[in-house]
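Trainee: Provided below for reference: sequence and predicted model.
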2 protein chains.
Amino acid sequence: MSETYIIGTDLGGTTIKFGMMTEQGDLIEKWWIPTNLEDEGKKILPDIAASIETKLQEKQIERQQVKGVGLGIPGGVDENGMVKGAVNLGWKEWDVAAELEALLRLPVVCGNDANFAALGEQWKGAGDGARNMVLLTLGTGVGGGVIIDGKIVNGAHGAGGEVGHICVNPWETEPCNCGLCGCLEQYASATGLLRLAYRYCKKQESGTDLTGLTAKDIFDLVKSEEDSSMESVLSRQAAEDIVEEYCEILGRGMAMISATIDPEVFVLGGGVSGAGETLLSRVEKYYKKYAFYLCRETKIRLAELGNDAGIYGAAAGIVNSNGKKEHVIL
Amino acid sequence: MSETYIIGTDLGGTTIKFGMMTEQGDLIEKWWIPTNLEDEGKKILPDIAASIETKLQEKQIERQQVKGVGLGIPGGVDENGMVKGAVNLGWKEWDVAAELEALLRLPVVCGNDANFAALGEQWKGAGDGARNMVLLTLGTGVGGGVIIDGKIVNGAHGAGGEVGHICVNPWETEPCNCGLCGCLEQYASATGLLRLAYRYCKKQESGTDLTGLTAKDIFDLVKSEEDSSMESVLSRQAAEDIVEEYCEILGRGMAMISATIDPEVFVLGGGVSGAGETLLSRVEKYYKKYAFYLCRETKIRLAELGNDAGIYGAAAGIVNSNGKKEHVIL
């Protein structure tokens, strides 16, 4: 085989996902191993190196055929690829790329996992190659990645793409996990949707017990339309009102991003994006309502790569690093 | 003379300012001519060409010594330098650069004037060469320019840097000039400061007549400290409260920008920035209060180039265009 390959690696707190692909992004094989958090995460890099070695042998791929390994990390990574820390892994600041390069004898590029997910969607997913794109990951929190001129915006202090912490409600009194009050994440995450539901019921003085209710339940109820067989502690009207409020706040937050950088496309990912058209149509409506007149027609799309966005993005990190990593001894 | 020169031109609704400088940005000469708005602005480009011709002859500079002419325009300009329209000049969409190149037989680069002002401050002013910078122009409105990786972010629809239209108050009921409600511009412009003063007095039920009061008067009153000789319709305490509210809203708006792109430095320009340290110290305080924890230490500086930012930025537009305009016949 004379083809050249790249390996995208998505390092999470539970599993490490790998994807081997061509430079064009055609996936050859996906696999994963569990994340060993022992010894302050010291076993992670040797595990990654061993797993890649094994796969290369299995596929009979020579080291010279591998252009490099991209590694997405759940923590801060500066513009030079230096890891600033990853709490969930027990990692402090260190040069992860250099360490993994020494183990693997292959070029390594590190990046923040949410940023790499954005790069993945831009390269092979809903971003469809757009030079300017924003990914919003609507999960337990609200993460994001901003791509301008085809490149991730890490920011001067590693806060680029922290769009979950845009203040959308200056009068909020409950604090966000970050310590600020009124962050987009407090409303537009899955947790935020439940918070809106609790507040709605409290305001209605309905005394409804929402224990066990999930974000998916609320969206499913809206989708159910007149399906009277669906049972829920919430009424369909209540679910509809709550989802409208959720989408209004999200659409308004996206309009704020547009007034700063005016992306070509927004991509919505994370668990909540599983609500599909129910989410998309409402977010589009409110985005148009709140967007500056020049950028009312910005495209809004659902993420397409799901959990694979990270491995594609990490691989794209290698593709984009063209030349910069050539000093590495192969 | 064998030196190479560039000419920065800042086209306004009243005057056209020119600056001839070296490629390093050393200003050789500044001059200006009135803007002739007759015939839907058709006389503007011939006037600019004639003025530059005259100056070149006067300074005995050969055409071959001029690298190009940058032209800042008060209107929308897309990423390719195509003018999308400039209401104040009577201009519709047309290829201004091509027309002026034909008249001048010199390379021409067009850009939005606020964006060019940001580029000017980045190159030769308070931005100090920062690769990522945001300029906020606090004047009649709030304009802005976003620079990422050394380049202006025009945005997919020309709305890049329209930070005056970030929603900072979702509960505002009075509309902004743009039609939206709660825009940063409604509070953080000079006009916005007066609006805050009116609202303050209304809330206090003081019945104070604020006719003739200016934004500068309010800041001056705060600066006056215990100078009892200073007379105003407002009390010093009232002025202090109003300025605090102004700076709180502005600082919060800037924190929203940081959560998206995390610039290295914010530069405050426009008339209100004349308030200097009185403005800066308070904006810094509130920025730190509302910024995401990673980017609390972002630098905030006062603009340094004043009305010259536009000509420096237009010249920088030529410096940055390196190579792209070489097809032009000199």
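Mentor: Ah, there it is.
Trainee: where does the stretch 151-300 of chain A dip in pLDDT?
Mentor: In the predicted model, the stretch 151-300 of chain A carries pLDDT under 70 at residues A:226-230.
Trainee: going along the chain, name the strands of it.
Mentor: With DSSP state E, counting those that start in this stretch, the ranges of strands along the stretch 151-300 of chain A come out as A:151-152, A:265-269, A:299-302.
Trainee: likewise for the stretch 1-150 of chain A?
Mentor: Under DSSP E, counting those that start in this stretch, the stretch 1-150 of chain A gives strands at A:5-11, A:15-22, A:27-34, A:66-73, A:76-77, A:83-85, A:108-112, A:133-138, A:142-148.
Trainee: so which of those is nearest chain B?
Mentor: Minimum separation from chain B across these (C-beta to the nearest C-beta) falls at strand A:142-148, 5.2 Å. C-beta: built from backbone N, CA, C; applies to glycine.
Trainee: that closest one - what's its average pLDDT?
Mentor: Averaging pLDDT along strand A:142-148 yields 93.
Trainee: over to stretch A:13-20?
Mentor: Looking at stretch A:13-20 alone, the average pLDDT works out to 94.
Trainee: for whatever residue of the stretch 201-330 of chain A ends up closest to chain B, list the residues it contacts.
Mentor: Nearest residue of the stretch 201-330 of chain A to chain B: A:Asp262, at 2.5 Å (C-beta to the nearest C-beta). For A:Asp262, the contacting residues are A:132, A:294-295, A:298, B:153-160, B:162, by C-beta atoms under 8 Å, 6 or more residues apart in numbering or on different chains.
Trainee: quick one, which of the strands of the stretch 151-300 of chain A is packed in tightest?
Mentor: Comparing the strands of the stretch 151-300 of chain A by mean neighbour count (mean count of other C-beta atoms under 10 Å in any protein chain shown), strand A:265-269 ranks first with a mean of 27.
Trainee: number of residues surrounding A:Gln237?
Mentor: When neighbours are counted by other C-beta atoms under 10 Å in any protein chain shown, A:Gln237 registers 10.
Trainee: can you tell me how far it is from A:Ser206?
Mentor: Distance, A:Gln237 to A:Ser206, using C-beta to C-beta, to the nearest Å: 12 Å.
Trainee: before we move on, what about A:Gly12?
Mentor: With C-beta to C-beta as the criterion, A:Gly12 and A:Ser206 are 38 Å apart.
Trainee: compare those two (neighbour count), which wins?
Mentor: A direct count of neighbours by other C-beta under 10 Å for A:Gly12 and A:Ser206 places A:Gly12 higher, at 17 against 14.
Trainee: could you pull up the contacting residues of the residue in the stretch 101-250 of chain A positioned nearest to chain B?
Mentor: Using C-beta to the nearest C-beta, the single residue of the stretch 101-250 of chain A nearest to chain B is A:Gly155, 2.4 Å away. Under the criterion of C-beta under 8 Å, 6+ apart, the neighbours of A:Gly155 are A:Gly161, A:Glu162, B:Asn132, B:Ser258, B:Ile261, B:Asp262, B:Pro263, B:Leu294, B:Cys295.
Trainee: and what of A:Glu62?
Mentor: Contact partners of A:Glu62, counting by C-beta under 8 Å, 6+ apart, are A:Leu56.
Trainee: which of the strands of the stretch 151-300 of chain A sits closest to B:Ala50?
Mentor: Closest approach to B:Ala50 among the strands of the stretch 151-300 of chain A is made by strand A:151-152 (41.9 Å; C-beta to C-beta).
Trainee: what comes into contact with the closest one?
Mentor: A:Gly111, A:Asn115, A:Phe116, A:Ala118, A:Leu119, A:Gly145, A:Val146, A:Gly160, A:Gly161, A:Asn320, B:Asp149.
Trainee: run the chain-centre distance for that strand.
Mentor: The chain centroid and the centroid of strand A:151-152 are separated by 14 Å under C-alpha atoms, centre = their mean, to the nearest Å.
Trainee: quickly run through the sheet partners of it, with directions.
Mentor: Counting by DSSP bridges, the strands paired with strand A:151-152 are strand A:142-148 (antiparallel).
Trainee: chain center to the strand it pairs with: distance?
Mentor: So, by C-alpha atoms, centre = their mean, the centroid of strand A:142-148 is 8 Å from its chain's centroid.
Trainee: near chain B, which residues of the stretch 201-330 of chain A are found?
Mentor: Residues of the stretch 201-330 of chain A found near chain B (C-beta under 8 Å from any C-beta of the partner chain) are A:252, A:255-264, A:290, A:292-295, A:297-298.
Trainee: out of these, which are buried?
Mentor: Those of these that meet the buried threshold are A:252, A:255-264, A:290, A:292, A:294-295, A:298, by 16 or more other C-beta atoms under 10 Å in any protein chain shown.
Trainee: from those, which two are the most distant?
Mentor: A:Arg252 and A:Glu264 (19.8 Å).
Trainee: so who does A:Leu305 touch?
Mentor: By C-beta under 8 Å, 6+ apart, A:Leu305 lies in contact with A:Ala117, A:Gly120, A:Glu121, A:Lys124, A:Gly125, A:Ala126, A:Tyr312.
Trainee: leaving out sequence neighbours, find the closest residue to the residue of the stretch 201-330 of chain A closest to chain B.
Mentor: Closest residue in space to A:Asp262, ignoring its immediate chain neighbours: B:Gly155 at 2.5 Å, by C-beta to C-beta, 6 or more residues apart in numbering or on different chains.
Trainee: fine, thanks again, bye for now.
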